[in-house]
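Peer 1: got a predicted model here, sequence first, then my questions.
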Amino acid sequence: MKPVLPAPPLAARAFPEPASRPHITLAAAGLALAVLVAATAAAVNSDSLHDTVPKLPVASMSIAGLSPEAVPRGAGSFLLTVTGEGFGAASVVYWNGERRVTQVLSPTRLAAWVAASDVENEGPHAVTVVTPGAGRTSARYVATYPRAGRDAHADRVLGQPNFATRMAYHPHVGGEREGVLNAAVFDRLGPQGTAIDPASGRLFVVDSRAARVLSWPSARAFQNAEAADLVIGQADEFASGAKPAGDASFCSPQAVASDPAGSLYVSDECFNRVLRFDPPFATGMAAAAVYGQHGSFETTVSNRYGRSASSLSAPLGIAVSADALFVCDGGNRRVLVYRNPRASDKADAVIGQAGMASLAQSTPDARNLAGEGGALALDAAGRLFVADAAGNRVLRFSPPFADGMAADLVIGQKDFAGTGRSNFADGLWRPAALAFDPKGHLLVADSGNHRVLRFAAPFANGMTASGLIGQTSYGAALPGAGSSRLSTPSGLAVDAGGDVIVADAGNARVLAFDRPFDGEAPASLARGGQAPAALKGR
């Protein structure tokens, strides 16, 4: 992979006073590096600087944590965050005994650029902090590992400094200011919906409890523990939680989808609406359109003016094509089809109910959902796949879409009447996310079984999965951490190259797998046996 500089952390935001919120501001990667080098040189070598910049108190120095603590070899330059105690205005980070460009963010936090050449060789690599007149800290270490596709081990991670930790609002991940929340961490309930812009490759992840969507410039090139450069739903990376309803706020976002034009759709469950954001994107931006509230950004009523083609109640999953929008309207146990969402906020067809005003709670079958529904996905032929979470199944509906239509395929159950849960290769337990890979195979985030399954096309009722991530065998269903385990996966996205992005909610992280299903499944997994103990040395 071509080395890239780390993305600038939230360059679009504006701060009232740079001194009050120290951070690294990048107008462009090259300019930022030059400015930071100059600032560091001045801080370390100029005696006059100490006459103009207040000295930070220097206590006994120590390093408490690094972020990231592990990086893939050959992945390019990255920003290293060092947290600890007693750092001063002239503190400098050293990498294997060599000085690195450093910025002092606070007495307990430093940021340093690590060059691509620094991680080309095997680690571990020693990190120390030196403050003139105060001494040197003991070393902490950054490990390196090889990236290798076509296996069930993750290759990169967001939200945690390594693959082993699973702490919400992790204090050692890319923070720019004191406090737990920033653009590099997820809330304790973890990330949810995930999407990749098909044109730009930009990654979007819903951080539901923090009431925001975080975004990174590239799903294929993000670095471990990298901070997002864009926040939608909050004014900046340090704000969180539900705000009063408006065109730039969320209450409880759940799912996200990107259309071919680059517009972003976000379902906001407790505000009973879907918002559309049009590019160009900026932190704190306003939505361009709202669905489910009759055009109002300030109202949040469930089924405003009554259940209809223009109302929503607790929307969940979203899917979008070049000319249509699909919304899983969870509170109404239905899926709405908007054939021209840019021209109208009124749905044209309803799936799961006989009509727009209906709320039948019939026995689950080919026409009726078992509960509130869940995730949605479209295949290349425009067929709609619905994760019927309460029914532990995935249903397929083929166009043309019409009110009360029947599904023509069920996965996870032997037939349309079944709803039982299973952790075997042909079963599901509360499927939470769906995605298609470039070859047309279906991926399912099987949240109750803490795994991702791949069902290979062509599809058949009650078919068996032929690919597995998150468990050592199809019969296993325990949550775990590490590079090969999952805990309540809640979001899925696949890029054009077949790399898989998983929102691993129970571990408060997002994992990237390099083409995990590109080759044939290992024979042991195809038989439901144990996976190799170590497919990668980490």
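Peer 2: Everything's here; your move.
Peer 1: give me the beta-bridge partners of the residue nearest the centre of the chain?
Peer 2: Centroid-nearest residue in the chain, with CA atoms, centre = their mean: residue 205, separated by 3.4 Å. Applying DSSP bridges to residue 205 gives these bridge partners: residue 194, residue 214.
Peer 1: ok, it touching residue 212?
Peer 2: No - contact criterion CB atoms under 8 Å: residue 205 and residue 212 do not qualify, at 9.6 Å. Any C-beta I mention is one placed from the backbone N, CA and C, and that applies to glycine too.
Peer 1: phi, psi for residue 292 please.
Peer 2: Dihedral angles of residue 292 (phi, psi; degrees, to the nearest 10) stand at phi 100, psi -10.
Peer 1: before we move on, what about the one 10 residues further on?
Peer 2: For residue 302, the backbone dihedrals are phi -70, psi 130 (criterion: degrees, to the nearest 10).
Peer 1: if I look at it, how far off is residue 269?
Peer 2: 10 Å (CB to CB, to the nearest Å).
Peer 1: is the closest residue to residue 189 other than its chain neighbours in a helix, a strand, or coil?
Peer 2: Closest residue to residue 189 apart from its sequence neighbours, by CB to CB, 6 or more residues apart in numbering: residue 209 at 4.6 Å. Under DSSP: H, G, I helix; E, B strand; the rest coil, residue 209 falls in the coil class.
Peer 1: test my guess that residue 209 contacts residue 188.
Peer 2: Yes - look at residue 209 against residue 188 with CB under 8 Å: they come within range, at 7.0 Å.
Peer 1: what helix or strand is residue 502 on?
Peer 2: strand 500-504 (DSSP states H and E).
Peer 1: and the angle from the helix or strand following that strand to strand 500-504?
Peer 2: Sequence-wise, the next helix or strand downstream of strand 500-504 (DSSP H and E) is strand 509-513. Relative orientation of strand 509-513 and strand 500-504, computed by axes from the mean of the first three to the mean of the last three CA atoms, to 10 degrees: 160 degrees.
Peer 1: okay, now the residue nearest to residue 182 when sequence neighbours are not counted: neighbour count?
Peer 2: Distances taken as CB to CB, 6+ apart put residue 175 closest to residue 182, at 4.7 Å, once the chain neighbours are dropped. Residue 175 has 29 neighbours, counted by other CB atoms under 10 Å.
Peer 1: can you pull the contacts of residue 175?
Peer 2: 67, 81, 83, 105, 109, 182, 184, 185 (CB atoms under 8 Å, 6 or more residues apart in numbering).
Peer 1: now those residues as CSV including neighbour count and secondary structure?
Peer 2: Listed next are the contacts of residue 175 as CSV, based on neighbours: other CB atoms under 10 Å; DSSP: H, G, I helix; E, B strand; the rest coil:
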residue, neighbour count, secondary structure
67, 28, strand
81, 25, strand
83, 21, strand
105, 21, strand
109, 23, strand
182, 25, coil
184, 26, coil
185, 30, coil
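Peer 1: can you put those in a markdown table and add pLDDT and distance to residue 321?
Peer 2: As requested, the contacts of residue 175 are exported to a markdown table (pLDDT from 0 to 100; distance: CB to CB, whole Å):
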| residue | pLDDT | distance to residue 321 |
| --- | --- | --- |
| 67 | 97 | 38 |
| 81 | 97 | 40 |
| 83 | 96 | 45 |
| 105 | 93 | 44 |
| 109 | 95 | 44 |
| 182 | 94 | 35 |
| 184 | 96 | 32 |
| 185 | 96 | 33 |
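Peer 1: before we move on, back to that, give me the common contacts of residue 302 and residue 269.
Peer 2: residue 314.
Peer 1: how far off centre is stretch 102-119?
Peer 2: Computed by CA atoms, centre = their mean, to the nearest Å, the chain-centroid distance of stretch 102-119 equals 25 Å.
Peer 1: and what of stretch 225-245?
Peer 2: 13 Å.
Peer 1: now that stretch: buried residues?
Peer 2: Neighbour-count burial for stretch 225-245 flags 225-234, 236-240, 242, 245 (criterion: 16 or more other CB atoms under 10 Å).
Peer 1: so which of these are in strands?
Peer 2: Using DSSP state E, 230, 231, 232 are the members of the buried residues of stretch 225-245 that sit in strands.
Peer 1: between residue 209 and residue 188, which one's more packed in?
Peer 2: Counted by other CB under 10 Å, residue 209 and residue 188 do not tie: residue 209 has more neighbours, with 18 against 13.
Peer 1: residue contacts, the more buried one?
Peer 2: 187, 188, 189, 240, 241, 252.
Peer 1: closest one of these to residue 462?
Peer 2: Nearest to residue 462 among the contacts of residue 209, counting by CB to CB, is residue 189 at 32.8 Å.
Peer 1: tally up the residues packed near the closest one, please.
Peer 2: Around residue 189 sit 16 other residues, with neighbours defined as other CB under 10 Å.
Peer 1: confidence score at it?
Peer 2: Per-residue confidence (pLDDT) for residue 189: 87.
Peer 1: one more: residue 174?
Peer 2: 87.
Peer 1: poorly predicted segments of the stretch 351-500 of the chain, please.
Peer 2: Counting by pLDDT under 70, the stretch 351-500 of the chain shows no low-confidence range.
Peer 1: residue boundaries of the strands in it?
Peer 2: Using DSSP state E, counting those that start in this stretch, the strands found in the stretch 351-500 of the chain span residues 376-378, 384-388, 393-397, 409-411, 431-436, 442-446, 451-455, 467-469, 489-494, 500-504.
Peer 1: residue contacts, the residue lying closest to residue 480 once chain neighbours are set aside?
Peer 2: Using CB to CB, 6+ apart and skipping residues adjacent in sequence, the residue nearest residue 480 is residue 487, 6.6 Å away. By CB under 8 Å, 6+ apart, the residues touching residue 487 are 166, 450, 479, 480, 481, 504, 505, 506, 507.
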